[in-house]
Each structure stands twice: as C-alpha cells, then as structure tokens.
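Novice: need coordinates for the below:
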Amino acid sequence: MEGTRIPYKMLSEDPFSTWLGIEILECELGRCKVAMTVRKEMLNGMNKAHGGISYSLADTAFSFAANTHGKYAVSIETSINHMEPLKEGDYLIAESVIEKVSNKVGFNIIEVKRGDELVALFKGVVYRTNKDWVE
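Specialist: Okay, here's the model as predicted:
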C-alpha cells in the first residue's frame, strides 16, 4: 500500500480518533498534519481541555506519520509538554515530522498549535516492525 494512503486507512478503522473528530489535513512520507476542535465533553473540572485531548491528537499525528513508510509502526516511548491551557472551541493542528528514522526505530517531534501559537510539544519514539501494510 502506498505510504501516504496508510493514514487514511488507519483513521477509517480508528473509533477513538473518529470520536475526537480528527481530520487529516496533509500527509506525505514521514510527515502528517491533523486537526480537531475541542468540544465540551473534552473539558476537565476546571473547564479546560483535558490534557489527554492534545496528547491524543499529537499521538495520532505521530502514528500516522510513522506508518507512512509502509511498515506497521508502534510507539515505544512518548512524552508531552503542555504549554498553554485549551478551551472549548479551540481548533488544534498537530504536525508530526520524523526527525530520524532507521530500519527499526524512528524519532518524531510533534507540534500542537492553536493558530500560530505552540500549545504543546510531543516527542515520540516508534518501533518499526517487519509487517507490511497491505490493501
């Protein structure tokens, strides 16, 4: 399967990312940009977006970008820095770029932005299996 089509297949089979309302904006080999809008049911007790929301958006971008190489790729380590609080109605864009990739591992940086403002920075390490994506 062509690598840039893989994220669309992944999204079509991903009920959680679908529930989040994630859409793919751009996708190419080693890079994927996704977006979503924060909804009321995503807020915590302080009326701000739960930290898991921006984490999940970034994690989805990370996964989609990592799999564009045509092999099943799974995360083995991730972390996030939350820089700004998010509220209902915020439109977030996460872009994952592979910083370094080898036969077995890849290192990604994912920026989560609200407009031009960086609101979270996610870092991920992915393990690339031998299993190919197929139609």
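Novice: so which elements touch the lowest-mean-pLDDT helix or strand in the chain?
Specialist: None of the helices or strands of the chain scores lower by mean pLDDT, DSSP states H and E than strand 91-101, at a mean of 89. Secondary-structure packing of strand 91-101 (3 or more CB pairs under 8 Å, 6 or more residues apart in numbering; DSSP states H and E): strand 31-37, helix 51-67, strand 105-114, strand 117-132. (C-beta placed from N, C-alpha, C; glycine too.)
Novice: measure residue 97 to residue 5 for me?
Specialist: Going from residue 97 to residue 5 by CB to CB, to the nearest Å gives 19 Å.
Novice: before we move on, the earlier item: so what strands line up beside the least confident helix or strand of the chain?
Specialist: Sheet pairing of strand 91-101 (DSSP bridges) gives strand 31-37 (antiparallel), strand 105-114 (antiparallel).
Novice: contacts for it?
Specialist: 25, 30-38, 54, 57-58, 60-62, 64-66, 69, 86, 106-115, 119, 122, 124, 128 (CB atoms under 8 Å, 6 or more residues apart in numbering).
Novice: quick one: buried ones out of these?
Specialist: 30-36, 38, 54, 57-58, 60-62, 64-66, 69, 86, 106, 108, 110-114, 119, 122, 124, 128 (16 or more other CB atoms under 10 Å).
Novice: before we move on, the earlier item: reformat the helices and strands packed on strand 91-101 as CSV; add mean pLDDT and distance to residue 90.
Specialist: Shown next, in CSV, are the helices and strands packed on strand 91-101 (pLDDT from 0 to 100; distance: least, CB to CB, whole Å):
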stretch, mean pLDDT, distance to residue 90
strand 31-37, 97, 7
helix 51-67, 97, 9
strand 105-114, 95, 5
strand 117-132, 96, 8
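Novice: closest one to residue 75 among those?
Specialist: Nearest to residue 75 among those is strand 117-132 (5.5 Å), distances taken as CB to CB.
Novice: packing partners for the closest one?
Specialist: When contacts are defined as 3+ CB pairs under 8 Å, 6+ apart, strand 117-132 sits against helix 51-67, strand 71-82, strand 91-101, strand 105-114.
Novice: now these as TSV including distance to residue 20?
Specialist: Below are these laid out as TSV (distance: least, CB to CB, whole Å):
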stretch	distance to residue 20
helix 51-67	6
strand 71-82	15
strand 91-101	10
strand 105-114	13
